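S.K.: can't give you the sequence, but here's the structure:
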């Protein structure tokens, strides 16, 4: 952001305000029942990831549904359920197996309950104003999915003509999977029909596991959308980096990697603003980029937010919600989840919240929802840099009178910050602490990992 040409920024801001002029009368609190389409109706929303197995001691749809009032109070809008299908037994990892080795695309894991239980959860979620999307695994099935024997032509073969498996690296091998050949039109047809089953039940979209990559042709999603979007308005979120023209949203993987490197002292704060600038420059601003400090993969395999970000965990969380994209909360993160959840065994989340994290995340969700300046995609204000300290990211974002200013110290040391953009000079109250700050020619002093967010 600090390298952007001011004229270029001004033109984009003006264009963005013009494009959004027909949306500013929308109350973010009622966006769930608006007539907007995906992804526009999620611009001010937060997605919430649900691991049914670990969410409660019971690990069932019914037990999870009891948390819906709390999640409504938290303010999240989209519930992403990790895979709920029966898990293959052949080559099963651990005692309970991987959610991502589906045995049957049109059934539910009996450990979670019955199809009636799922339908009841879906109805309750909809009645409360949530959108519910399913985690979908298009890259592979489990090794005892019926297609392996009934439709072997759906699968990729090795040199010996055996159905092969997913292998991310020599040390990351998923023996419990059977790799699908999505270049085969019959495979794609069967996949889309399985997805149709859930769309007709009433779900609101899909999170596509491994959704774009060397084995997943993007024309699969062109065909899927052509077939399924006419049934109902759907949200399509892909676990991939930037394939945003066909789908509604995608992961901002590199964003989290850079945050981790900053926390480790291997990069400066400027790397985050540089990444945002580059991402908008290369891929535009229309589609939603999902940003996060944690998700199920990061938690289980890379560590908790406390392990990865140390004392800066709240700084990075606040930055995710204000700077760019469409934020994700991993189930349990809002109560300070401080353990790596087991992936193949039962490992329930504790909801005690001894440090009061839920209020912090509730304030973040509220901040996002009530300030169009920091909405995702092209609905939000263009981020404009207001300082030049390499350890600090300071920006202003504005949309038709709503302005959010964020200043973040991404270092374990005190920082003196000179505000270079006189247009933001004034007296403000920090959204989180309520403390007053004078922004003027005098340097702003920030403590280690301190951040301030001003709204107007």
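M.R.: Ah, there it is. What you see is a predicted model; the values in this text were computed from it and never measured.

S.K.: Please count neighbours and contacts with C-alpha atoms only from this point.
M.R.: OK.

S.K.: number of nearby residues for residue 204?
M.R.: A count of nearby residues for residue 204, using other C-alpha atoms under 10 Å, gives 24.

S.K.: er, residue 427 I mean
M.R.: Neighbours of residue 427 (other C-alpha under 10 Å): 11.

S.K.: start at 3 instead
M.R.: OK, 3 is where the count begins now, so the last one is residue 429.

S.K.: Please verify my assumption that it contacts residue 457.
M.R.: No: taking contacts as C-alpha atoms under 8 Å, residue 429 lies outside contact range of residue 457: 11.2 Å.

S.K.: Just the endpoints, please. Distance across stretch 182-192?
M.R.: 11 Å (C-alpha to C-alpha, to the nearest Å).

S.K.: so who does residue 451 touch?
M.R.: By C-alpha atoms under 8 Å, 6 or more residues apart in numbering, residue 451 lies in contact with 313, 314, 317, 410, 411, 412, 413, 414, 415.

S.K.: filter these to the buried ones?
M.R.: Among the contacts of residue 451, the ones that count as buried by 16 or more other C-alpha atoms under 10 Å are 313, 314, 317, 410, 411, 412, 413, 414.

S.K.: In CSV, list those residues along with pLDDT, secondary structure and distance to residue 47.
M.R.: Below are those laid out as CSV (pLDDT from 0 to 100; DSSP: H, G, I helix; E, B strand; the rest coil; distance: C-alpha to C-alpha, whole Å):
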residue, pLDDT, secondary structure, distance to residue 47
313, 97, helix, 27
314, 98, helix, 24
317, 98, helix, 20
410, 98, strand, 22
411, 98, strand, 26
412, 98, coil, 25
413, 98, coil, 29
414, 98, coil, 31
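
S.K.: I'd like those laid out as TSV, including distance to residue 72.
M.R.: TSV is the format used below for those (distance: C-alpha to C-alpha, whole Å):
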residue	distance to residue 72
313	27
314	27
317	24
410	30
411	32
412	32
413	34
414	34
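
S.K.: Can you show me the helices along the stretch 203-352 of the chain?
M.R.: 221-230, 255-265, 272-285, 298-299, 307-311, 315-325 (DSSP state H, counting those that start in this stretch).

S.K.: Would you mind finding the most buried of these?
M.R.: helix 315-325 (a mean of 23; mean count of other C-alpha atoms under 10 Å).

S.K.: now that helix against helix 272-285, angle please.
M.R.: Inter-element angle recorded for helix 315-325 and helix 272-285: 30 degrees (by axes from the mean of the first three to the mean of the last three C-alpha atoms, to 10 degrees).

S.K.: Residues touching helix 315-325, excluding its own?
M.R.: 261, 293-295, 307-308, 311, 329, 366-367, 370, 376, 385, 397, 408, 410-412, 451-453.

S.K.: So, low pLDDT: which residues of this structure?
M.R.: For the chain, applying pLDDT under 70 flags the ranges 3-36, 244-246.

S.K.: Please repeat the previous calculation with a cut-off of 50.
M.R.: Within the chain, the segments meeting pLDDT under 50 span 5-35.

S.K.: Quick check: which helices or strands does whichever helix or strand residue 456 is part of pack against?
M.R.: According to DSSP states H and E, residue 456 maps onto strand 453-457. Secondary-structure packing of strand 453-457 (3 or more C-alpha pairs under 8 Å, 6 or more residues apart in numbering; DSSP states H and E): strand 404-411, strand 428-431.
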